[in-house]
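A.B. asks: Coordinates only, no sequence provided:
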Ligand code: UT7
């Protein structure tokens with residue numbers, strides 16, 4: 001769906017959307033597509049590029065805020081769609097930070113010996129929770145899914161190891177009213193619609209993002225210059241640019257896909273990763289920084305070697 005497609009629906013323009021956000025288009029799931037079907041497709045693509053089959057996986061973590069049902073977890077539905085009847089699966093709910101939380105969690109399951117190969121998926125159908133008459137939110141979000149596989153491997157405990165090297169996760173529920181969905185099973189008994197005070201979220205975003213990234217750099221003992229790629233949450237090009245500038249990350253190291261997908265919440269980081277891997281930018285051995293911030297607020301960063 002292109003920006004121009006909104007022009008007859010709400011009072012907006014392609015020019016406003018591009019200038020304020022960098023978004024040019026977003027994808028909207030078809031009637032017969034769901035968070036589970038998009039997640040399954042991403043999972044199959046990730047397994048294909050890892051040279052694995054569902055039989056090789058022992059844990060699925062799905063980051064989503066738009067599950068197919070209140071329960072069971074959509075991760076379990078994806079497990080079944082993949083023909084997997086072994087191992088375990090669960091959903092992780094940290095809104096736009098969901099994928100970053102899920103990668104950090106998968107790494108801990110591997111380090112703790114509870115899993116050897118983890119399929120980490122971010123899948124969302126935000127089109128189903130948008131208020132399509134609210135121009136301040138409906139133009140910003142899109143649907144999509146992305147996935148990766150993490151596999152246990154002995155490392156030397158040094159920065160040249162592959163996999164997750166450092167992570168920093170944060171949340172603060174005092175900011176709930178700035179970005180939330182006004183429904184839920186325990187309150188209204190309805191699904192509800194996304195509500196956001198965009199300017200308020202924007203005001204906090206850059207500071208929060210740069211704080212967790214600096215903590216992650218400190219833990220790993222690196223600086224921005226050591227990074228090969230910065231793969232931020234794709235909410236707004238202005239937030240991405242301001243964060244990279246504050247951290248001293250060179251523009252050519254920043255992966256930007258917000259123009260292609262809009263804000264796909266927990267799917268945004270894996271979608272950006274998949275674009276940069278597919279076009280040959282991210283290669284084996286590269287040092288990659290993931291970052292996200294969203295509803296809750298939740299925010300976090302993960303440093304990994306691809
Ligand atoms: O993923 C979770 C994290 N979410 C985010 O990171 C989103 C953070 N926030 C943002 O990205 C930005 O705040 C927005 C893109 C949502 C808005 O940009 P802004 O520069 O902060 O604009 P604003 O909210 O200050 O609004 C400026 C004007 C307002 O009109 P007035 O009050 O100045 O007359 C809005 O009503 O733009 C108006 N406006 C629009 N105009 C045309 C709001 N939405 C639209 C629209 N088209 N779609």
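C.D. replies: Now that the structure is in, tell me what you want to look at. Only a predicted model underlies this, so the values are computations on that prediction, with no experimental measurement involved.
A.B. asks: which residues sit in contact with residue 297?
C.D. replies: Applying Cβ atoms under 8 Å, 6 or more residues apart in numbering to residue 297 gives the contacts 171, 172, 175, 178, 179, 201, 204, 208. Bear in mind the C-beta positions are built from the backbone N, C-alpha and C, glycine included.
A.B. asks: So which of the residues you listed is the closest to the ligand?
C.D. replies: residue 201 (4.0 Å; Cβ to the nearest ligand atom).
A.B. asks: ok, the closest one - how many residues close by?
C.D. replies: 21 (other Cβ atoms under 10 Å).
A.B. asks: That one reaches residue 176, doesn't it?
C.D. replies: No - with contact defined as Cβ atoms under 8 Å, residue 201 and residue 176 do not form a contacting pair (11.8 Å).
A.B. asks: Helix, strand, or coil at the residue nearest to residue 28 when sequence neighbours are not counted?
C.D. replies: Using Cβ to Cβ, 6 or more residues apart in numbering and skipping residues adjacent in sequence, the residue nearest residue 28 is residue 127, 4.6 Å away. Put simply, residue 127 is helix when judged by DSSP: H, G, I helix; E, B strand; the rest coil.
A.B. asks: same question, residue 167
C.D. replies: Per three-state DSSP, residue 167 ends up strand.
A.B. asks: Bridging across strands, which residues link to it?
C.D. replies: For residue 167, the residues forming beta bridges with it (DSSP bridges) are residue 302.
A.B. asks: Next: residue 88.
C.D. replies: residue 59.
A.B. asks: Run through the residues that contact it.
C.D. replies: So residue 88 contacts 58, 59, 60 (Cβ under 8 Å, 6+ apart).
A.B. asks: I figured the first one was touching residue 115, is that so?
C.D. replies: Yes - with the criterion set as Cβ under 8 Å, residue 58 and residue 115 qualify as a contacting pair; they are 4.8 Å apart.
A.B. asks: Tell me which of those two has more neighbours.
C.D. replies: Taking neighbours as other Cβ under 10 Å, residue 58 and residue 115 compare with residue 115 leading, 22 against 19.
A.B. asks: ok and the residue in this protein nearest the ligand?
C.D. replies: residue 198 (2.6 Å).
A.B. asks: Excluding sequence neighbours, find me the nearest residue to that residue.
C.D. replies: residue 136 (5.9 Å).
A.B. asks: Correct me if wrong: the one you found contacts residue 195.
C.D. replies: No - using Cβ under 8 Å, residue 136 makes no contact with residue 195, being 9.5 Å away.
A.B. asks: Looking only at neighbour counts, state which of the two leads.
C.D. replies: residue 195 (17 against 14).
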